[in-house]
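> take this sequence and fold it.
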Amino acid sequence: MSKLFYKHKSLIGLDISQTGVKVMAIDPKRWLVLGYGSLDLDPVKVQASLDDVKNTYLRDNIKTLLEKNIVGKLESDHVIIGLPTGKTFSRTFSLPASQERHIASAVEIEVDQYIPIPIGSLYLDFDIIERSKESLTVIMSAVPRPLVDTCIDAVRQAGLTPLLAEPSINAIGRVLEATEEGHLSTLIVDIGAASTDVAVLDGGVIRVTGSVGVGGNTFTLDIAKKLGVALENAHQYKVLNGLAPGPRQAKITTALTPSLTRIAGEVRKVIRYYNERLATDRKIEQLLVVGGGANVPGIGEFFTNELVMPARVAIPWQKLDFGELNEPNKQFRPRYIAVAGLASTAPEEVWK
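Now for the predicted structure:
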């Protein structure tokens, strides 16, 4: 089948995380959503499926999503896959322009220093993203081979055609660049259900990433334990009261502060790497909180005060038009930001 034939088909996004799968189709010219859906998964069973290529849990649930959980219509089977960011590695570094012919060796040194996985077990890619007479800025991405192979195999067995796989945070950066002044040097804090990913978006490129095992579910457990309430009630306190002023503010703030401080600690690590390792005078200008765990009133103000920089929850949904489709509930809308970015991938990014 020729490459030209593939080019004539539209693209859909499929985001795979530890806690669920999401799919979306968009008309990128109008940012019109043609179809979407999501399915929550058991994190333990997802991990078992990622560890064992014979385990069909992921494949079976992608099929279920496509057959039973779609709002609207998916007009293609050509998929851009979003991989769990916390299982991937992205680093940007500088080296003298005179060392350009030694880039491959420099990348191997970066892998040995910063990635706790043997280089032979990784899919590795790198590119020069900035160039001057004195120096080169190189971005390196690495993903464990079993993760990529298992996800691609599950997608194919579900009847789809995978064309490209990338960390979900890259897709989030694509949406924020188009909707939230993403041309500024931006810290992204993506709070998922089970973990939080941190990244620097600069010049349209994710420069560095980090991850910490704290997420929206952690917040719910923290509140339940501190207030002595059931998880369902704790979730309601989280999304309705959060850190905002009110009769429960003190107790909820006390409950959430340790977990939020852990996230802030990972943010500081990413900032330190960005400032120390990159030959640039650019400063990070904003922090954007995204993801399903971002629905905590007052969370933007917490990071503004904790990190002493402008921080807010991103609201990119004014860019997406759901047309005549029923929109996702406001509470669940943030979980679709990564898959929206995947679905809006320009064809030239696939075929370049």
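
> now the helices for the stretch 1-150 of the chain?
Assigned by DSSP state H, counting those that start in this stretch, the helices in the stretch 1-150 of the chain fall at 3-7, 43-51, 57-68, 103-114, 145-157.

> may I see those organised as TSV, with mean neighbour count and mean pLDDT added?
No exception for glycine: its C-beta is placed from N, CA and C like everyone else's. Putting the helices of the stretch 1-150 of the chain into TSV (neighbours: other Cβ atoms under 10 Å; pLDDT from 0 to 100) gives the following:
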stretch	mean neighbour count	mean pLDDT
helix 3-7	10	48
helix 43-51	16	91
helix 57-68	18	96
helix 103-114	14	89
helix 145-157	18	94
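
> and of the ones you listed, who's closest to residue 297?
Closest of the helices of the stretch 1-150 of the chain to residue 297 is helix 43-51, at 26.2 Å (criterion: Cβ to Cβ).

> hmm, back to that, minimum distance to residue 23: which of the helices of the stretch 1-150 of the chain has it?
Each of those has some distance to residue 23 by Cβ to Cβ; the shortest is helix 57-68, at 6.1 Å.

> next, the angle from that closest one to helix 145-157.
Orientation check (axes from the mean of the first three to the mean of the last three Cα atoms, to 10 degrees): helix 57-68 against helix 145-157 gives 30 degrees.

> so this structure: which segments form each domain?
If you go by automatic domain parsing, the domain ranges for the chain are 3-86+144-180+316-351, 89-142, 212-312.

> number of nearby residues for residue 240?
Neighbouring residues of residue 240 were enumerated by other Cβ atoms under 10 Å; the total is 14.

> list phi and psi for the most centrally placed residue in the chain.
Compute the mean C-alpha point of the chain, and by Cα atoms, centre = their mean the closest residue is residue 169, 2.9 Å away. For residue 169, the backbone dihedrals are phi -60, psi -30 (criterion: degrees, to the nearest 10).

> contacting residues for it?
Contact criterion Cβ atoms under 8 Å, 6 or more residues apart in numbering gives 85, 90, 188, 190, 197, 199, 206, 209, 338 as the residues in contact with residue 169.

> top of those by neighbour count?
If you count neighbours using other Cβ under 10 Å, the busiest of the contacts of residue 169 is residue 338, which has 31 neighbours.

> spatially nearest residue to that residue (excluding sequence neighbours)?
Distances taken as Cβ to Cβ, 6 or more residues apart in numbering put residue 168 closest to residue 338, at 4.1 Å, once the chain neighbours are dropped.

> same thing with residue 36?
residue 24 (4.2 Å).

> tell me the pLDDT of the residue nearest to residue 27 when sequence neighbours are not counted.
If you skip the residues right next to it in sequence, residue 27 has residue 34 as its closest partner in space, 6.1 Å away by Cβ to Cβ, 6+ apart. The predicted local confidence for residue 34 comes out at a pLDDT of 94.

> for residue 38, same thing?
Looking at residue 38, its pLDDT is 95.

> tell me where the model's unsure across the protein.
Applying pLDDT under 70 to the chain flags residues 1-9, 278-280, 348, 351-352.

> would you map the strands across it?
Applying DSSP state E to the chain gives strands spanning 12-17, 20-27, 32-40, 71-72, 78-83, 89-96, 122-131, 135-144, 161-167, 186-191, 196-202, 205-212, 286-290, 311-313.

> compare these and give me the one nearest residue 116.
Each of the strands of the chain was checked against residue 116 via Cβ to Cβ, and the shortest separation belongs to strand 89-96, namely 9.2 Å.

> where does residue 244 fall, phi/psi-wise?
Summarising the backbone geometry of residue 244 under the convention degrees, to the nearest 10, its torsions are phi -70, psi 160.

> contacting residues for the closest residue to it other than its chain neighbours?
The spatially closest residue to residue 244, leaving aside those adjacent along the chain, is residue 297, at 4.0 Å (Cβ to Cβ, 6+ apart). Shown in contact with residue 297 (Cβ under 8 Å, 6+ apart): 239-244.

> most surrounded residue in those?
Per-residue neighbour counts (other Cβ under 10 Å) across the contacts of residue 297 peak at residue 242, which has 21 neighbours.

> still on that earlier bit, which two among the contacts of residue 169 are spaced furthest apart?
Pairwise distances among the contacts of residue 169 were taken by Cβ to Cβ; the largest, 14.9 Å, belongs to 90 and 338.

> look up phi and psi at residue 323.
Reported as degrees, to the nearest 10, the phi and psi values for residue 323 are phi 60, psi -130.

> who are the contact partners of it?
The neighbours of residue 323, taking Cβ under 8 Å, 6+ apart as the test, are 32-33.
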